[in-house]
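K.L.:
Pasting a predicted model and its sequence here:
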Amino acid sequence: MTNKNRIKWGIIGLGNIASQFATDLLLLDDAELTAVASRNKEKATDFAEKYNCTKAYDSYELLFADKEVDIVYIATPHNSHAELAIKALESGKHVLCEKPMALSYQDAVRMTEASKKHNRFFMEAFWTRFIPSVQEVLEKVNQGVIGDLKSIQADFAFYADEEAGGRLFDKNLGGGALFDIGVYPLFLSYILLGLPKEITAKSLPHKNGIDLQTTMLLQYENAQSVLQASILYDGDIKATINGNQGRIELNAPWFMADGYTVFKEGGKETFSLPNLGKGYAHEALECHACIQNDQIESKLWSHQNSLDLSKMVEEVKNQIGLNF
């Protein structure tokens, strides 16, 4: 692909997830990492060198003003997503914003409105939506391979060491299990069953007010989902989708599954679908396709999809008494 046709990326917030994303970008012929920004200049320079990027800024505003950058990937702490995404869109940039896109439904609405107002592509970085296993499982469920869906069980749990500190335990940064990992099981239930009629949620809170573990029961017309997010133990991170004619188990950890198994009538069939890189490459390719087709949103993970999920998360947040 000629240099001219490549999509030029800028990344802000240069932590662990940005490193994984940048690693995957290097696998794509039509992507180029053009600029990175951190409030810490040294961090920006080191990151740029590591990922073959020519420009390192010590301010996000400078990156937004860079005429060469087509799309900005926002990987800063949760509490800053809304403000920075809106600024980037106002600067004429397309935006891929790390999930959760905002800490409130109201902010999520403002972000999608900014995308429409400035006619720039905006997507929440729900990378799991684009990995081959999830795409194929969704297709099979919709084709009725396991009959009518009756139950979904999904969790996302890992032990986080409070002594080590970090944003997970920082209330100001939108810490806790729900906003960091609880969004994943909620997302799975949503793409398979849509918006629930009712959500019941209970959590084990930290003394500082964040949730350490949250368990959610989603009630649908003819199905239920039992979901959990926890930073108190190392879980197996499994997802099981049960229909009245069979079940599907995504390979663990399910949010980056490299395959799945269909169980039917006493038999089972296993499918292997490796991800490109760690799996972030798939969402980047979706961004490229949308930008090249002049779409301001993805058909696979639309603005409305993000808003629906945000509404579900907000309902859980209110029930467990989480205030940021």
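P.N.:
Great, that's in hand.

K.L.:
Please enumerate the strands of this protein.
P.N.:
Assigned by DSSP state E, the strands in the chain fall at 7-12, 31-37, 55-57, 71-74, 94-97, 122-124, 149-157, 198-205, 211-219, 224-230, 239-243, 246-250, 259-264, 267-272.

K.L.:
which secondary structure elements does the first one contact?
P.N.:
Taking 3 or more Cβ pairs under 8 Å, 6 or more residues apart in numbering; DSSP states H and E as the contact definition, the neighbouring helices and strands of strand 7-12 are helix 16-25, strand 31-37, helix 60-64, strand 71-74, helix 280-292. Yep, even glycine has a C-beta here, placed from its N, CA and C like the rest.

K.L.:
hang on, the earlier thing: pick the most deeply packed of the strands of the chain.
P.N.:
Ranked by average neighbour count under the criterion mean count of other Cβ atoms under 10 Å, those are headed by strand 122-124 at a mean of 30.

K.L.:
Can you give me the domain assignment for the protein?
P.N.:
Residue ranges for the domains of the chain, per the TED database: 7-128, 131-279+309-320.

K.L.:
looking only at pLDDT, what's the mean for the shortest one?
P.N.:
Right, domain 7-128. For domain 7-128, mean pLDDT is 98.

K.L.:
how much distance is there from that domain to the middle of the chain?
P.N.:
The chain centroid and the centroid of domain 7-128 are separated by 14 Å, computed with Cα atoms, centre = their mean, to the nearest Å.

K.L.:
Compute the first-to-last residue distance for that domain.
P.N.:
22 Å (Cα to Cα, to the nearest Å).

K.L.:
Skipping adjacent residues, who's closest to Asn172 in space?
P.N.:
Closest residue to Asn172 apart from its sequence neighbours, by Cβ to Cβ, 6 or more residues apart in numbering: Asn79 at 6.5 Å.

K.L.:
I'd like to know how far that neighbour sits from Glu269.
P.N.:
To Glu269, Asn79 is 44 Å away according to Cβ to Cβ, to the nearest Å.

K.L.:
Check Leu193 too.
P.N.:
23 Å.

K.L.:
Same check on Met101?
P.N.:
For Met101 relative to Glu269 (Cβ to Cβ), the value is 36 Å.

K.L.:
got a list of what the most centrally placed residue in the chain touches?
P.N.:
Closest to where the C-alpha atoms of the chain average out (Cα atoms, centre = their mean) is Phe126, at 2.8 Å. Neighbouring residues of Phe126 by Cβ atoms under 8 Å, 6 or more residues apart in numbering: Lys99, Phe187, Glu283, Trp301, Ser306, Leu309.

K.L.:
Backbone dihedrals for it, please?
P.N.:
phi -90, psi 70 (degrees, to the nearest 10).

K.L.:
Please identify the buried residues of stretch 272-289?
P.N.:
273, 275-277, 279-288 (16 or more other Cβ atoms under 10 Å).

K.L.:
Quick check: end-to-end length of it?
P.N.:
25 Å.

K.L.:
centre of the chain versus it, how much separation?
P.N.:
With Cα atoms, centre = their mean, you get 13 Å for stretch 272-289.

K.L.:
now do stretch 183-203
P.N.:
15 Å.

K.L.:
picking up where we left off before, list the contacts for the residue nearest to Asn172?
P.N.:
Applying Cβ under 8 Å, 6+ apart, the residues near Asn79 are Leu103, Asn172, Leu173, Gly174, Phe324.

K.L.:
Now intersect those with the helices, please.
P.N.:
For the contacts of Asn79, not one is inside helices, with DSSP state H as the criterion.

K.L.:
For those, name the two members farthest from one another.
P.N.:
Within those, Leu103 and Asn172 form the most distant pair, 10.5 Å apart (Cβ to Cβ).

K.L.:
Report the separation between the residue lying closest to Glu265 once chain neighbours are set aside and Ala284.
P.N.:
Nearest non-adjacent residue to Glu265, counting by Cβ to Cβ, 6+ apart: Gly246, 7.3 Å away. Counting by Cβ to Cβ, the gap from Gly246 to Ala284 is 33 Å.
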